[in-house]
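Asker: This is the structure alone, sequence omitted:
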């Protein structure tokens, strides 16, 4: 897995990084159908974002007419580089690196004969020229495109559950180096953390799992003038399926636009967690939430889907 991390980060750490370069790498691992979508910024011919999406078919996956559920792995970020303000790969790019690493590993496994039961769809985007923006306590990375555009390209209706991987270092609420997961978020509700995923984190890391706290603001859409931890749960705004954030974390606040701040071993942990989850989600051995409890919650208190919108204004 670490070999793939090093390859992917090397591709991302360039002013000419592109979706096509990353797609070529994934195709070399066995993904002839890797999709690239280039989104240009209106009025700015010099700014664009390349969205990368790849399907890894499973033995009983929906793409082949099977009944196994499909896992989505989304690499969340603003940009992999903040040029010309900062030179080099920025901390914010770790989510994309982890997602692409997971894709490469799953493709290599399939090429060798280790095919999973269910399909896996991996999606992220890449740009080496993203803007920075102020945020408390440290600056964030912005993006050449807005969150609605990101979700439209990354949240796939074929996904039955989503792992959203994002650098989550610019805060004082997660004082832990490595990875942490969020409680499950579904249709505006913050549910209890999945016991199955907690056990998976502990297997992968070998230490007690860290579950980070979420506020209601964190699961609402960007653009509503509310403070957000970061964009890790933004896929939950556009999805009806359960979403769990996989945070790549540090013990102290580190700016998303900081260079020299990425740790290959932590990216590898996030990618390995995604791969292990994919193995067992397709067989029904990992659940993101308790369906009975969720249905009872909605019966008692009604739907909370209004939190997936921009609200009353």
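Answerer: Structure received. For clarity, every value in this text was computed on a predicted model and none was experimentally measured.
Asker: A strand includes residue 204, no?
Answerer: No - when the secondary structure is assigned by DSSP: H, G, I helix; E, B strand; the rest coil, residue 204 falls in helix instead of a strand.
Asker: check contacts around it.
Answerer: Under the criterion of C-beta atoms under 8 Å, 6 or more residues apart in numbering, the contact list for residue 204 reads 269, 272-273, 276. For the C-beta atoms, the positions are set from N, CA and C on the backbone; glycine is no exception.
Asker: between the residues you listed, which is nearest residue 209?
Answerer: Comparing the contacts of residue 204 against residue 209 with C-beta to C-beta picks out residue 273 as the nearest, at 10.1 Å.
Asker: and the closest one, how far is that from residue 279?
Answerer: The spacing between residue 273 and residue 279, counted by C-beta to C-beta, to the nearest Å, is 11 Å.
Asker: just checking, residue 122 is part of a strand?
Answerer: Yes - assigned with three-state DSSP, residue 122 falls within a strand.
Asker: What's opposite it in the beta bridge?
Answerer: Using DSSP bridges, the beta-bridge partners of residue 122 come out as residue 54, residue 73.
Asker: Check residue 126 too.
Answerer: On the basis of DSSP bridges, residue 126 takes part in beta bridges with residue 50.
Asker: quick one: it from residue 75, how far?
Answerer: As it turns out, when the distance is counted by C-beta to C-beta, residue 126 lies 9 Å from residue 75.
Asker: Would you agree residue 67 is in contact with residue 60?
Answerer: Yes - with contact taken as C-beta atoms under 8 Å, residue 67 and residue 60 are classed as touching, separated by 6.2 Å.
Asker: In terms of neighbours, single out the busier of the two.
Answerer: Neighbours per residue (other C-beta atoms under 10 Å) separate residue 67 from residue 60, with residue 60 holding more: 18 against 9.
Asker: Which residues are in contact with that one?
Answerer: Under the criterion of C-beta under 8 Å, 6+ apart, the contact list for residue 60 reads 66-68, 117-118, 282.
Asker: hmm, try it at 6 Å
Answerer: Residues touching residue 60, when contacts are defined by C-beta atoms under 6 Å, 6 or more residues apart in numbering, comprise 66, 68, 117.
Asker: Pull out the buried members of these.
Answerer: Buried by 16 or more other C-beta atoms under 10 Å: 66, 68, 117, out of the contacts of residue 60.
Asker: which one of the contacts of residue 204 is nearest residue 304?
Answerer: In terms of C-beta to C-beta, no member of those lies closer to residue 304 than residue 273, at 27.3 Å.
Asker: returning to that earlier point: could the contacts of residue 60 go into CSV alongside pLDDT, distance to residue 295 and secondary structure?
Answerer: Compiled in CSV, these are given as follows (pLDDT from 0 to 100; distance: C-beta to C-beta, whole Å; DSSP: H, G, I helix; E, B strand; the rest coil):
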residue, pLDDT, distance to residue 295, secondary structure
66, 97, 26, coil
68, 98, 23, strand
117, 97, 25, coil
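Asker: hang on, residue 232 in a helix?
Answerer: No - counting by three-state DSSP, residue 232 falls outside a helix, being coil.
Asker: Quick check on it: phi, psi?
Answerer: With angles defined as degrees, to the nearest 10, residue 232 sits at phi -60, psi -30.
Asker: That one and residue 166 touch, don't they?
Answerer: Yes - Residue 232 is within contact range of residue 166, at 3.8 Å (criterion: C-beta atoms under 6 Å).
Asker: so what sits against both of those two?
Answerer: Common neighbours of residue 232 and residue 166 (criterion: C-beta under 6 Å, 6+ apart): residue 76.
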